[in-house]
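Visitor: A predicted structure for the sequence below; I have some questions about it.
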Amino acid sequence: GAQIIKQGDMGDYFYVIGAGEVVFKVDGNDVGTAGAGKTFGELALLYQAPRAASCIAKTECGLFRLDQEHFRRILAQQAEDQTHDAVKVLKKVPYFKELDDAYLNKIACNLTITSFKDGEVVARKGEDVKKFFIIKQGQVRLTDTETGGSDYKDLTFGAGQFFGDAAIVDNIPARGTLTAVGDVMTLSLNRETFQRVVGDDIKH
């Protein structure tokens, strides 16, 4: 019965439920519940917005909480680590090897997260993909590859590897079919964003 968060108040903490169950109410109406391992309260901290719902202990609860300063510091550190990891991968891409760290950081900061389910086709052979991908989690299999009149063996790309660089630099269609193996998370960059960030400074 204890009120953890009151609808309309400004956010001060992000919560993780360690034990028990919490009920969410909007304008006095139940809109859902959550149990151990679930979280709530992050949106108000991210956007400095009033609480969208009241959160009330449905049973005896044990909660972990994190204040806004530490919450944002952790998010900032995660973003910095992700950018650093992306730059390390970008330095391995032949097309980008002549770019300095300032450009690589610009590219890394413009990467967006794209997810694919097991068996989902990331790109089909001959399609105009116009995207560069860094695999953050999972694997992607390249099949039916053909270039210069020759066929090539199937390849599997794993975490930290990349593909599609020719698509955004030279506008080359996919030379094979790319399929997710298991659930896959990638960092991607489209051709338009790449051109806006780097312009004509790319060295072939």
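Guide: Alright, I've got the coordinates.
Visitor: Got the confidence number for the spatially most central residue of the chain?
Guide: By Cα atoms, centre = their mean, the mean C-alpha position of the chain lies nearest to Ile113, the distance being 3.0 Å. With respect to pLDDT, Ile113 scores 86.
Visitor: State the next helix or strand along the chain beyond the helix or strand of the chain with the lowest mean pLDDT.
Guide: In the chain, no helix or strand scores lower on mean pLDDT, DSSP states H and E than strand 150-152, which sits at a mean of 62. Later in the chain than strand 150-152, the nearest helix or strand by DSSP states H and E is strand 155-157.
Visitor: Could you spell out the sheet neighbours of that next one, each with its direction?
Guide: strand 131-143 (antiparallel) (DSSP bridges).
Visitor: Check which residues of the longest helix that the chain contains are buried.
Guide: Ranked by number of residues, the top helix in the chain under DSSP state H is helix 68-90. By 16 or more other Cβ atoms under 10 Å, the buried positions in helix 68-90 come out as Gln68, Phe71, Gln82, Thr83, Asp85, Ala86, Val87, Val89, Leu90. Heads up, the C-betas are built off the backbone N, CA and C, glycines and all.
Visitor: Can you show me the CA trace of that helix as PDB?
Guide: Provided in PDB are the C-alpha atoms of helix 68-90 (Å, rounded to 0.1, in the frame of the first residue of the first chain):
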ATOM      1  CA  GLN A  68      19.200  11.300 -11.500                       C
ATOM      2  CA  GLU A  69      22.800  12.400 -11.300                       C
ATOM      3  CA  HIS A  70      24.200   8.900 -11.100                       C
ATOM      4  CA  PHE A  71      21.600   7.600 -13.600                       C
ATOM      5  CA  ARG A  72      22.700  10.200 -16.200                       C
ATOM      6  CA  ARG A  73      26.400   9.600 -15.400                       C
ATOM      7  CA  ILE A  74      26.000   5.900 -16.100                       C
ATOM      8  CA  LEU A  75      24.200   6.600 -19.400                       C
ATOM      9  CA  ALA A  76      26.900   9.100 -20.400                       C
ATOM     10  CA  GLN A  77      29.600   6.500 -19.600                       C
ATOM     11  CA  GLN A  78      27.800   3.800 -21.600                       C
ATOM     12  CA  ALA A  79      27.500   6.200 -24.600                       C
ATOM     13  CA  GLU A  80      31.200   7.100 -24.300                       C
ATOM     14  CA  ASP A  81      32.200   3.400 -24.100                       C
ATOM     15  CA  GLN A  82      29.900   2.500 -27.100                       C
ATOM     16  CA  THR A  83      31.500   5.400 -29.200                       C
ATOM     17  CA  HIS A  84      35.000   4.200 -28.200                       C
ATOM     18  CA  ASP A  85      34.200   0.600 -29.200                       C
ATOM     19  CA  ALA A  86      32.700   1.800 -32.500                       C
ATOM     20  CA  VAL A  87      35.700   3.900 -33.400                       C
ATOM     21  CA  LYS A  88      38.000   0.900 -32.800                       C
ATOM     22  CA  VAL A  89      35.900  -1.000 -35.400                       C
ATOM     23  CA  LEU A  90      35.800   1.900 -37.800                       C
END
